[in-house]
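Chemist: When you get a sec, could you give me coordinates for this:
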Amino acid sequence: MAFILGFPANEIVVPIMIMSYMAAGSLTDIESLSQLHALFVSHGWTWLTAVCAMLFSLMHWPCGTTCLTIKKETQSLKWTLLSFAVPTVTGIVICLIVANTVRLLGLV
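Modeler: Numbering: from 1, shown residues only. I've put the predicted structure just below:
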């Protein structure tokens, strides 16, 4: 859900996750990486979850302003949707391949 809510600006995905896990109405200061690690682990994250989240962050759809710019520059909804769909499908497929390979090898 954080990726969807972060569509206007991709850099707010992790803060959205932190706010939702902490059930806080505003961003709370995390003082150390060990505190952040404990927060994610307490909500079911594994190293594989973290790897897949990083991979999807690298490969998912462009932010909202980029999509608007593509629409404005190309004057085409087709190219805008394609520029949204290709990285999204790529990110999903890469995450599926990595997760299933790791599970197949028994590393989780």
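Chemist: So what are the structural domains in this protein, by residue number?
Modeler: 1-45, 46-108 (automatic domain parsing).
Chemist: Kindly reformat the ones you listed as JSON lines and extend each row with mean pLDDT and mean neighbour count.
Modeler: All C-beta spots, glycine's among them, are computed from the backbone N, C-alpha and C. Formatted as JSON lines, these follow (pLDDT from 0 to 100; neighbours: other C-beta atoms under 10 Å):
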{"stretch": "domain 1-45", "mean pLDDT": "88", "mean neighbour count": "13"}
{"stretch": "domain 46-108", "mean pLDDT": "95", "mean neighbour count": "14"}
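Chemist: So what's the gap between stretch 68-80 and the chain middle?
Modeler: Stretch 68-80 sits 23 Å away from the centroid of its parent chain (C-alpha atoms, centre = their mean, to the nearest Å).
Chemist: One more: stretch 28-41?
Modeler: For stretch 28-41, the distance to the chain centre is 18 Å (C-alpha atoms, centre = their mean).
Chemist: So what touches that stretch?
Modeler: With contact meaning C-beta atoms under 8 Å, 6 or more residues apart in numbering, stretch 28-41 is reached by 18-19, 21-22, 49-50.
Chemist: what about the residue of the chain positioned farthest from its centre, distance to residue 85?
Modeler: Using C-alpha atoms, centre = their mean, the residue of the chain lying farthest from its centre is residue 75. It sits 27.9 Å away. With distances taken as C-beta to C-beta, to the nearest Å, residue 75 is found 18 Å from residue 85.
Chemist: Who are the contact partners of the residue nearest to residue 6 when sequence neighbours are not counted?
Modeler: Nearest residue to residue 6 in three dimensions, chain neighbours excluded: residue 13, at 3.8 Å (C-beta to C-beta, 6 or more residues apart in numbering). For residue 13, the contacting residues are 2-3, 5-6, 57, by C-beta under 8 Å, 6+ apart.
Chemist: Need the three-state assignment for residue 13.
Modeler: helix (DSSP: H, G, I helix; E, B strand; the rest coil).
Chemist: The residue nearest the centre of the chain: helix or strand, and which one exactly?
Modeler: Geometric centre of the chain, nearest residue: residue 57, 4.1 Å, by C-alpha atoms, centre = their mean. Remark: residue 57 resides in helix 47-59, with elements defined by DSSP states H and E.
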